[in-house]
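**Q** just the structure for this:
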Amino acid sequence: MAEYNFREIEQKWQGYWKEKGTFKAEVDPNRPKFYSLDMFPYPSGAGLHVGHPLGYIASDIVSRFKMLTGFNVLHPMGYDSFGLPAEQYAIQTGQHPAITTEQNITRYTEQLKNIGFAFDWDREVRTSDPAYYKWTQWIFMQLFNSYYDLDANKALPIDSLISRFETVGNKQVKAVCDEDTPVFTAEEWLAFSEKEKQEMLLKYRLTFLAETTVNWCAALGTVLSNDEVKDGFSERGGHPVERKKMMQWSMRITAYADRLLQGLEKVDWSEPIKEMQRNWIGKSIGADVVFQVKDSDQKIKVFTTRVDTIYGVTYLALAPESELAAALITDDQRETAEAYIEVAKNRSERERMSDVKTISGAFTGSYAINPFNGEEIQVWVADYVLAGYGTGAVMAVPAHDERDYNFAKHFGLEIRQVIDGSMENGSFPGKGGLIINSGMISGLYMKEAMEKCVAFLEEKGIGKGKIQYRMRDAIFTRQRYWGEPLPVYFKDGLPYLIEEKDLPLVLPEVDKYLPTEDGEPPLGRAKNWTYKTAEGEFPLEMSTMPGWAGSSWYFFRYMDPKNDSVFADKAKTDYWGAVDLYIGGSEHATGHLLYSRFWTKFLHDIGAVHIDEPFQKMINQGMIQGRSNFVYRQKGTNTFVSYGLKDQYDTSAMHVDVNIVHNDQLNLDKFKAWRPDLANAEFILEDGKYHCGSEVEKMSKSKYNVVNPDDIIHRYGADTLRLYEMFLGPLEQFKPWNTNGIDGVFKFLRKLWNLYHTPAGEFAVSDEKASKEEMKALHKAIKKMEEDMANHSFNTSVSSFMICVNELTALKCNKKEVLESLAILVSPYAPHIAEELWALLGHTNSITTVAFPEFKEEYLVESNFEYPVMINGKMRAKLDLPLSLSVAEIEKAALEDSHVQKWLEGKAPKKVIIVPGKIVNLVV
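**A** Alright, predicted model coming up:
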């Protein structure tokens, strides 16, 4: 039997690809391009488990297929290498995060190379490399020096805005800016001090410094995103998190909100991901309404999408974080309201949005005046109101909003119907219907009523029509060490950019990776963390950029990774353009994908790139789940009962390392050596074996169900791993890993190998012409793969390969005409064995350089048909006849057949019915 030595073969061809630069990509205007990209990984200390490569394998298959079909393929890999885990490890051990990160990257790269990916490793990028983050800092500087012009509907240089201020002030300027931006004339602008001018410009810049409510984790010494907080505690470490106001850098992503919505119509993404982005952006058309607080100069501004229900307002509700909430508490309500605010404001916005069952709030003691009817309305604090959406205040209309209704019912507040209709789900209809009990708008329908209300607000100067977005400007700083330094220094308390010639601003050395004793970020520990100008020496910004900064543009840097003059050469970004296939997890739908789209649109605005959407086609791969194994300890003992006997004893289940279990049978010696407390373990066996229980769960170290790809590759080879991950099921679906099932794929590869060899192990391929049956088996597989590649249905291609090899094995096929094409066909999935077979067939070039086999329909067209011959209603014979025969010729052949003559017994049929290609029917 031929020996399939996968270890030797895989090592050989990985060395060949590296030596020859097989996957090196260069701009070639004469060939169509295909840009295939994976969401690059954060290099964790644990390395890869078998779930991680799933998307990489899929993109690699597509990349190799595109090479075979004539495309110039860019398929790079790099590392999102700034991250909190490395910094936490540095805090615990004192080891610089760069050292930890380098070690982790070395491990990841080794594992990825062992799987045989067609990555152009010369293009590797790392977000923590100063040569890379120089350009992240450069993009920040361009954002700082830009504003969003609403007339041009794009970002423009801040210098052009200054010129307009100098000539006409800002009254005629239509630009995105802070809501509290005052109106000023050109004369007033020119009279402003330098400090006043810079403060005013911060209200327009696309990246700006402002006081913002953040999730502050004192234990970690940093601000956390909403994703990093769960139930008031940090996801990493479980430390308390409080909501507090801090000076933070932010990105004015809201300026691009409408373009981010419109751009979703141009990309080929799944509808659920698009919908998640639409919901996150949250466009609402409505109005701002100002309520005067009774016996006070304070005003409460509310944004509402249903100003037509203004007469149904029975209370106002403020977000717990609102400064106005604290200011409006009266002495008789102070103890209760302040205690409530302290608890409520530290729940994350995400938690408060999702928790619709908990109803809580506190009356401030103050009242507001409804500007439409003069009624006094109670002002409450309620945690279902979010400071980050609208104005942080809502006008509550309990009769027509479910949350308002539940709140009003809970606290006994008035519920007043203002839209005609019957009760539904506890509250009245909130959509259409006739407006009732509403003064000047009674008898109108929604659209007319809203228009009349907005006109009233604008006439009285107490509000205006407005488009509002749920999405907030993105906080852009973290109070930690391991991140990109911001290229900013402070003069008179205001931010200024360092000069471009001084980029990159490199992370300084510090004695510890903790905040200073004064509570400053870790960069406050650096010596001489200052910037020298002609005017003197000034302190540099001590916060660093967030984790999403470097990942928001890395797809451009891959196009020109070694360029020190520009972030990417324009000719190269013009050629490679948008990513044609982007594969990654759906968990990045509202973070990385939004920020990347935002930065791409900005870079398009300033003329740095010609595209305004980065990812044309995106697939979100599902998760490979772990298959956990369990042993059953007899309570109070160190005795373990086999699965089939456990119900006869009082046992408790315990996770066991899946790597010491094979086909659900426990290796007893390895189990005893697994942990010291198990060295003296005893067992109650079934048939001399210990059978484990199993369950599908998330793959994690705590469940001991992590399968290392290195182990699979050592036992079965990288080609087996690649094929098996695709064979598990559709790419987008969640599916369990089961090492027990991998043997079938390994056997398939050996069967493929044996097609090219004699039983004695000799390579033996014939130059004889292939039979029709052999060509049919091959072309069925070619057709199926072409269809599957168009639909990204990778699992069904693997099945078609298996069917093809089985059919060719049964036909004892060893024809070069068939086996050459077969090697090309499987090469995207199992590249190492395909390269070896290609070389054995006498070729000196890599299989990646040849053309994909052309599908020919003629091989699937049947020339013969096996006719069932029915005699007096019963099938008595079968005739294999050419489909080209006429009815008369079919009848002649049937009547001359010996089997038919036997049943006719010398009689002539009374009736002959023939349906060509279907049946012969004789009646005697």
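
**Q** worst-scoring helix or strand of the protein, pLDDT-wise?
**A** The helix or strand of the chain with the lowest confidence, counting by mean pLDDT, DSSP states H and E, is helix 349-354 at a mean of 72.

**Q** so what's the gap between stretch 449-468 and the chain middle?
**A** Distance of stretch 449-468 from its chain centroid, counting by CA atoms, centre = their mean, to the nearest Å, is 40 Å.

**Q** and that stretch, C-alpha only, in CSV?
**A** Provided in CSV are the C-alpha atoms of stretch 449-468 (Å, rounded to 0.1, in the frame of the first residue of the first chain):
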residue,chain,number,x,y,z
ALA,A,449,-50.3,67.3,13.9
MET,A,450,-46.5,67.0,13.9
GLU,A,451,-46.0,69.7,11.3
LYS,A,452,-48.3,72.0,13.3
CYS,A,453,-46.5,71.3,16.6
VAL,A,454,-43.0,71.9,15.0
ALA,A,455,-44.3,75.2,13.5
PHE,A,456,-45.5,76.3,16.9
LEU,A,457,-42.2,75.4,18.6
GLU,A,458,-40.2,77.3,16.1
GLU,A,459,-42.5,80.3,16.1
LYS,A,460,-42.3,80.5,19.9
GLY,A,461,-38.5,79.8,20.0
ILE,A,462,-39.0,76.8,22.3
GLY,A,463,-37.9,74.0,20.0
LYS,A,464,-37.3,72.9,16.4
GLY,A,465,-37.6,70.0,14.0
LYS,A,466,-34.6,67.8,14.2
ILE,A,467,-33.0,64.5,12.9
GLN,A,468,-31.4,62.6,15.9
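
**Q** what's the end-to-end length of stretch 311-331?
**A** End-to-end distance for stretch 311-331: 29 Å, by CA to CA, to the nearest Å.

**Q** now it: mean pLDDT?
**A** On average, the pLDDT along stretch 311-331 is 93.

**Q** that one: which residues count as buried?
**A** By neighbour count on 16 or more other CB atoms under 10 Å, the buried set for stretch 311-331 is 311-322, 324-326, 328-329. In short, each C-beta sits where N, CA and C put it, glycine included.

**Q** sketch out the low-pLDDT regions of this protein for me.
**A** 1-2, 226-227, 348, 388, 422-431 (pLDDT under 70).

**Q** where along the stretch 151-300 of the chain do the helices fall?
**A** Applying DSSP state H, counting those that start in this stretch to the stretch 151-300 of the chain gives helices spanning 158-168, 186-191, 194-201, 257-263, 271-281.

**Q** what angle separates the third one from helix 158-168?
**A** Angular relation of helix 194-201 and helix 158-168 on a 0 to 180 degree scale: 110 degrees, by axes from the mean of the first three to the mean of the last three CA atoms, to 10 degrees.

**Q** show me what counts as buried in helix 194-201.
**A** Residues of helix 194-201 classed as buried by neighbour count (16+ other CB under 10 Å): 198, 200-201.

**Q** between those, which is closest to F144?
**A** For these, the minimum distance to F144 (CB to CB) is 9.6 Å, reached by L201.

**Q** I'd say the closest one and N170 touch.
**A** No. With contact defined as CB atoms under 8 Å, L201 does not reach N170; the gap is 10.8 Å.

**Q** among the helices of the stretch 151-300 of the chain, which is nearest I583?
**A** helix 271-281 (12.5 Å).

**Q** same for that closest one, what does it pack against?
**A** helix 257-263, helix 592-605 (3 or more CB pairs under 8 Å, 6 or more residues apart in numbering; DSSP states H and E).

**Q** one more time with 7 Å
**A** helix 257-263 (3 or more CB pairs under 7 Å, 6 or more residues apart in numbering; DSSP states H and E).

**Q** the helix it packs on: which residues count as buried?
**A** By neighbour count on 16+ other CB under 10 Å, the buried set for helix 257-263 is 257, 259-261, 263.

**Q** repeat that for stretch 857-871.
**A** Those would be 859, 865, 867, 869-871, for stretch 857-871 by 16+ other CB under 10 Å.

**Q** with respect to Y716, which of those is nearest?
**A** Taking CB to CB as the measure, Y859 is the one of the buried residues of stretch 857-871 closest to Y716, at 33.2 Å.

**Q** following the helix or strand containing Y405, which helix or strand shows up next?
**A** According to DSSP states H and E, Y405 maps onto helix 402-411. Next in sequence after helix 402-411, counting helices and strands by DSSP H and E, comes helix 446-460.
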